[in-house]
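Chemist: Okay, here's the prediction I keep looking at, along with the sequence it came from:
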Amino acid sequence: MPRKEPRRTRERIVETALALFNREGEPHVTTADIADEMNISPGNLYYHFRNKDEIVGELYGALEQSIAPLLGIPSAAAANVEDFWLFLHLLFERMWAYRFFYRDLDDITTRNAQIARRFALLTARGRDAVAVLCRGLRSAGAMNVSDAELAALAMNVIIVVTYWMSFQRLSRPVATGQDRDAAGMRFEHAAAQVLALLAPYLYGPDRALVERLSAAYREPAATSSEA
């Protein structure tokens, strides 16, 4: 049986940095921490990345590549509430894999102008994708919304999506050095908050479905917080 090729050091650096950033918070992790975690010398790490910002840039590129396919929704696509739910769930799932970026978004984008520009474009694509889904709901007769309201709604959805993880971190603080996964990120709870933005514009069975989905999502979160 052929031996499995060992992972390249560069790949291991990126994977280790992602795990540490997610657990500790990017500002609290140094290149020395990454090298120590991998049991390699700092010089070995610097051979592949000159500094931590280059590692962050590599990880942002992976995040962007992961999310981009979700935003390529055909303009003529018929949409329903289930489409919107699936879009949100997949989006939050992929964001969660790179949660450090959203938790420390302002710090990272202030420090790195190139990432800031790329993220602005990604955010605009996300807003456009949400608008397409909303237009699909309107065309299907599920949503009663004007063009101006639709534009504002799409922007508000992206604001909530972008800053949801920061809100979670602030509302459930976890000490530095502990695994921040302990605070939990419920995709369903996050999706419920976004669906609540749509509810006033929906009517009939679609609004009832959103209300049922939102109630189902919130119940486990409430039960968990009471435990």
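Modeler: That came in fine, so what should we check first?

Chemist: Pull out the buried positions in stretch 34-51.
Modeler: 34-35, 38, 40, 45, 48-49 (16 or more other CB atoms under 10 Å). To be clear about C-beta, it is placed using only N, CA and C from the backbone, and glycine gets the same treatment.

Chemist: Any chance of the residues you listed in CSV with pLDDT as columns?
Modeler: Formatted as CSV, the buried residues of stretch 34-51 follow (pLDDT from 0 to 100):
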residue, pLDDT
34, 97
35, 97
38, 96
40, 95
45, 96
48, 95
49, 95
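
Chemist: And residue 206, which helix or strand is it part of?
Modeler: Here residue 206 sits within helix 205-226, counting by DSSP states H and E.

Chemist: Could you give the average pLDDT over the host helix or strand of residue 188?
Modeler: In the assignment (DSSP H and E), residue 188 maps to helix 187-198. Average pLDDT, helix 187-198: 83.

Chemist: try stretch 110-121
Modeler: On average, the pLDDT along stretch 110-121 is 96.

Chemist: In terms of secondary structure, what does the helix holding residue 188 contact?
Modeler: helix 81-97, helix 147-171, helix 205-226 (3 or more CB pairs under 8 Å, 6 or more residues apart in numbering; DSSP states H and E).

Chemist: Can you tell me what sits against stretch 88-108?
Modeler: 18, 21-22, 25-27, 56, 59-60, 62-63, 66-67, 70, 115, 119, 126, 161-166, 169, 180, 185, 187-188, 190-191, 194-195 (CB atoms under 8 Å, 6 or more residues apart in numbering).

Chemist: Now the buried members of the residues you listed.
Modeler: With burial judged by 16+ other CB under 10 Å, the buried subset of the contacts of stretch 88-108 is 18, 21-22, 25-26, 56, 59-60, 63, 66-67, 70, 115, 119, 126, 161-162, 164-165, 169, 180, 185, 187-188, 190-191, 194-195.

Chemist: what's the distance between residue 31 and residue 47?
Modeler: To residue 47, residue 31 is 12 Å away according to CB to CB, to the nearest Å.

Chemist: same check, this time on residue 90
Modeler: The gap separating residue 90 from residue 47 is 36 Å, by CB to CB.

Chemist: coming back round to it: tell me which of the buried residues of stretch 34-51 fall in helices.
Modeler: Residues of these located in helices (DSSP state H): 34-35, 38, 45, 48.

Chemist: sorry, back to before: could you point out which of the helices and strands packed on helix 187-198 sits nearest residue 13?
Modeler: Nearest of the helices and strands packed on helix 187-198 to residue 13, taken as CB to CB: helix 81-97 at 17.1 Å.

Chemist: Fine by me, thanks again.
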